[in-house]
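Chemist: Here is the input, now give the coordinates:
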Amino acid sequence: MQDPMEGRVWTLGKDVDTDGIIGGKYLTIIDPQELKKHVFEIALPEFAQAALPGDIIIADENFGCGSSREHAPQAMKAIGVGAVVADSFARIFFRNAINLGLPAIEAPGVRKIFEAGDTARIELKKGQITNLRTGASVTFPPLPAHLLHLLEVGGLVEKVKDELRQRAAAGPVV
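Modeler: Model (predicted):
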């Protein structure tokens, strides 16, 4: 994860549910490389073919509502989405995204300052997202250090693996 990060913007509206991110018919797929072929199949049919690593999703309120499936942030991460920024998130989506190492940033008012194709600059530690075309920006509360660390190491599973490696390298506790 880079901080700051810049990327091309894709925009979505309100109440984008997890079925709109990855359709329920794909829930039997466990390979992220296969899942990514179907990201936003209905909401943004061109996304899976045209997305570039580092692209940023900007959405309105209640992004990721619906079911608690991890497939949605997992597929977005697999295709290379750099971050998802929304006016607000469904809590379970937010938690799943961070746990999988996908930056999810809640920044009220963000959707109003971006159009599809703009370039966004996100400064996670500073708490600011800027539209590089217009200069407009929105501030947000920076993510707490422990969540930034989760993102930096690639998610919760990677964090646990790293802690286990460190314990093993330190040797037995006496």
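Chemist: contacts and neighbour counts: CA atoms only from here.
Modeler: Will do.
Chemist: Which helix in the chain has the most residues?
Modeler: As assigned by DSSP state H, the longest helix anywhere in the chain is helix 156-170.
Chemist: what does that one rub up against?
Modeler: Identification of contacts with helix 156-170 by C-alpha atoms under 8 Å, 6 or more residues apart in numbering yields 98-101, 150, 153.
Chemist: How far does that helix sit from its chain's centre?
Modeler: Between the centre of helix 156-170 and the centre of its chain there are 24 Å (C-alpha atoms, centre = their mean, to the nearest Å).
Chemist: Pull out the buried positions in that helix.
Modeler: Within helix 156-170, the residues scored as buried using 16 or more other C-alpha atoms under 10 Å are 156, 158-159.
Chemist: shaky segments in this protein?
Modeler: For the chain, the stretches with pLDDT under 70 are 174.
Chemist: And the helices in it?
Modeler: Here the chain has its helices, by DSSP H, at 18-21, 32-35, 47-50, 71-79, 91-100, 145-153, 156-170.
Chemist: and those helices as CSV, adding distance to I56?
Modeler: Shown next, in CSV, are those (distance: least, C-alpha to C-alpha, whole Å):
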stretch, distance to I56
helix 18-21, 14
helix 32-35, 18
helix 47-50, 12
helix 71-79, 10
helix 91-100, 14
helix 145-153, 15
helix 156-170, 22
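Chemist: Deepest-packed of those, please.
Modeler: helix 71-79 (a mean of 25; mean count of other C-alpha atoms under 10 Å).
Chemist: Now do that one and helix 91-100, the angle between them.
Modeler: Orientation of helix 71-79 against helix 91-100 (axes from the mean of the first three to the mean of the last three C-alpha atoms, to 10 degrees) gives an angle of 40 degrees.
Chemist: In its sheet, which strands sit next to the lengthiest strand in the chain, and in what direction?
Modeler: Using DSSP state E, we find that the single longest strand of the chain is strand 5-11. In the sheet, strand 5-11 lines up against strand 56-59 (parallel), strand 119-123 (antiparallel) (DSSP bridges).
Chemist: Could you tell me how many residues sit around E61?
Modeler: When neighbours are counted by other C-alpha atoms under 10 Å, E61 registers 22.
Chemist: In contact with it, which residues?
Modeler: So E61 contacts 13-15, 86-89 (C-alpha under 8 Å, 6+ apart).
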